[in-house]
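1. Fold the following.
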Amino acid sequence: MHTLIPSLGLMGFGLWEMLLVVLILMLLFGSSKLPGLARGLGQGIRNFKGELKGPPRDDRSNGE
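-> This next block holds a predicted model:
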């Protein structure tokens, strides 16, 4: 029997799979370290996206 809960759209993972992943992460790292890990992951993704865009451009062409 299929569940009535729709997929979250994240690579085909449904609600139960996502809950299982969160439970395993809590068991491995503890609930107190998860926010720090998520924050570090988010900062890493932002830095990576920023590097893909290239270095910041200085629109001043006269060298000031």
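
2. What segments of the protein are strands?
-> With DSSP state E, there are no strands along the chain.

3. what ranges do the helices span in it?
-> Ranges of helices in the chain, per DSSP state H, are 15-29, 34-53.

4. Just say which of those helices is most tucked in.
-> The highest mean neighbour count among those belongs to helix 15-29 (a mean of 12), with neighbours defined as mean count of other C-beta atoms under 10 Å. Backbone N, C-alpha and C define where each C-beta goes, glycine included.

5. other SSEs contacting that helix?
-> Counting contacts by 3 or more C-beta pairs under 8 Å, 6 or more residues apart in numbering; DSSP states H and E, helix 15-29 packs against helix 34-53.

6. So what angle separates the directions of the helix it packs on and helix 15-29?
-> Interaxial angle of helix 34-53 relative to helix 15-29 (axes from the mean of the first three to the mean of the last three C-alpha atoms, to 10 degrees): 110 degrees.

7. CA-only coordinates of helix 34-53 in CSV, if you can.
-> Listed next in CSV are the C-alpha coordinates belonging to helix 34-53 (Å, rounded to 0.1, in the frame of the first residue of the first chain):
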residue,chain,number,x,y,z
LEU,A,34,23.4,19.7,14.3
PRO,A,35,22.7,23.4,14.1
GLY,A,36,26.4,24.2,13.9
LEU,A,37,26.9,21.5,11.2
ALA,A,38,23.9,22.9,9.2
ARG,A,39,25.3,26.5,9.5
GLY,A,40,28.7,25.4,8.3
LEU,A,41,27.2,23.5,5.4
GLY,A,42,25.2,26.6,4.4
GLN,A,43,28.2,28.9,4.6
GLY,A,44,30.2,26.5,2.5
ILE,A,45,27.5,26.4,-0.2
ARG,A,46,27.2,30.2,-0.2
ASN,A,47,31.0,30.5,-0.5
PHE,A,48,31.1,27.9,-3.4
LYS,A,49,28.3,29.8,-5.3
GLY,A,50,30.1,33.0,-4.8
GLU,A,51,33.3,31.6,-6.2
LEU,A,52,31.5,30.3,-9.2
LYS,A,53,30.3,33.8,-10.0
